[in-house]
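Here you go, sequence then predicted model.
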Amino acid sequence: MFKLVLALSFAAIFCECSLIRKDLLAKRSDSCSELMACSFPLSEVESGDAGALNELSDEAAYALFCQQVKTFKTCFDDTKSQCDQDGVLKAIEGQIAVADNICTPEGKEASFALAKSDCATDDVKRLEAQELMDACSLSFQFELEVAVITAMSNGQGLESFDFCPYLDQLNNCVVTGATDKCGDEFGSFLSQVWQTAAQPSFEQFGCEFQSRHARRFVKAISAFLGGYKSLKR
C-alpha cells in the first residue's frame, strides 16, 4: 500500500505532462523541483528495497510512513509558493489527501486488509492484474493522443476538448478488471484512492468528479501490483 502513494503522485505528474503539456516540462523542472523533492524522504520508506518495508500489515512500517507524511506536508507548505504550475500543485495535493486518508484508523484498517486480497495471495492473479493495468494504460494513452492530435489538426483548441469520455473508458477498464482479478475489497479500495487523489486536479479538465472517475493512476497501480510480491505474506 505504501508504495502506491508515491507512485500515484509521480504518475499523476508524469502522465499529465507527457500527454498534452510537454511544453511545460522545462518550467516545471525549474520552478517546482524543490517542491517535488519533498517526496524523496517518503520514497525511502515506500521503496521496499533492502527490507525497508516488510508487509502491508507491518506496524513499524506503517508508523514510519505516517511520520514521513507529516514531514512531507510541512515541506509542501514551505515550498509550494515557489511552484507556478497548477497541475503539479494539484497532483501533490492529491497525494497528500491519499496519505492523510491512509493515516486514519479507517485507512489503516483498509490498508492492512489488502494483505488478504487475491492479488496479495495469488501470484498468477497479481501478474494478470498487472498486465491488465498495462493494457488499459496503453489503450488510454494511444486513443487520447490520437483524439487530441485530430482535434488540434481540425482547429479545435484543447480548451474545448472533451476528456471525460476517455476518463470514463479508462476507469471502466481498470476498476472492473482490478475487481475481477483482485476481489471486491481491492476494487473498493482502489476506487476510494482514486476518488481522494483525483479530486484536487480533476476539475481542471471540466469533467464532473465522481468516484468512478480515474485518470493518471493506471501506471501507478500496475507498479504497485508489480511490487506486491515483495510485500505479501
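That came through fine. Keep in mind the model is a prediction, meaning the values are calculated, not measured.

where in the protein is pLDDT low?
Along the chain, the model assigns pLDDT under 70 to residues 1-30, 40-57, 157-160, 194-233.

All the helices of it, residue numbers only.
All helices of the chain, identified by DSSP state H, fall at 2-20, 25-31, 33-36, 40-46, 59-79, 86-102, 105-113, 118-121, 123-153, 164-182, 184-202, 218-227.

Which other helices and strands does the longest one contact?
Using 3 or more CB pairs under 8 Å, 6 or more residues apart in numbering; DSSP states H and E as the contact test, the elements touching helix 123-153 are helix 2-20, helix 118-121, helix 164-182, helix 218-227. Bear in mind the C-beta positions are built from the backbone N, C-alpha and C, glycine included.

Only the buried residues of stretch 117-132, if you could.
Buried residues in stretch 117-132, counting neighbours by 16 or more other CB atoms under 10 Å, are found at 117-120, 122, 125-130, 132.

For those residues, which two are the farthest from each other?
Taking CB to CB, the two most distant members of these are A120 and L132; they sit 16.2 Å apart.

mind saving the C-alpha coords of stretch 177-189 as CSV?
Below are the C-alpha coordinates for stretch 177-189, written out as CSV (Å, rounded to 0.1, in the frame of the first residue of the first chain):
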residue,chain,number,x,y,z
GLY,A,177,-10.6,-5.5,-14.3
ALA,A,178,-9.0,-5.0,-10.9
THR,A,179,-12.1,-6.1,-9.1
ASP,A,180,-12.4,-9.2,-11.2
LYS,A,181,-8.8,-10.1,-10.7
CYS,A,182,-8.2,-9.0,-7.1
GLY,A,183,-11.6,-9.1,-5.5
ASP,A,184,-14.2,-6.6,-4.3
GLU,A,185,-12.1,-5.4,-1.4
PHE,A,186,-9.3,-4.3,-3.6
GLY,A,187,-11.6,-2.8,-6.1
SER,A,188,-13.4,-0.8,-3.5
PHE,A,189,-10.1,0.5,-2.0
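
Contacts made by it with the rest, please.
Applying CB atoms under 8 Å, 6 or more residues apart in numbering, the contact partners of stretch 177-189 are 110-111, 113-114, 116-119, 125-126, 128-129, 132-133, 136, 175, 190, 221.

Can you get me a residue count around the residue lying closest to L170 once chain neighbours are set aside?
Sequence neighbours aside, F140 is the residue nearest to L170 in space, at 4.4 Å (criterion: CB to CB, 6 or more residues apart in numbering). F140: 23 surrounding residues under other CB atoms under 10 Å.
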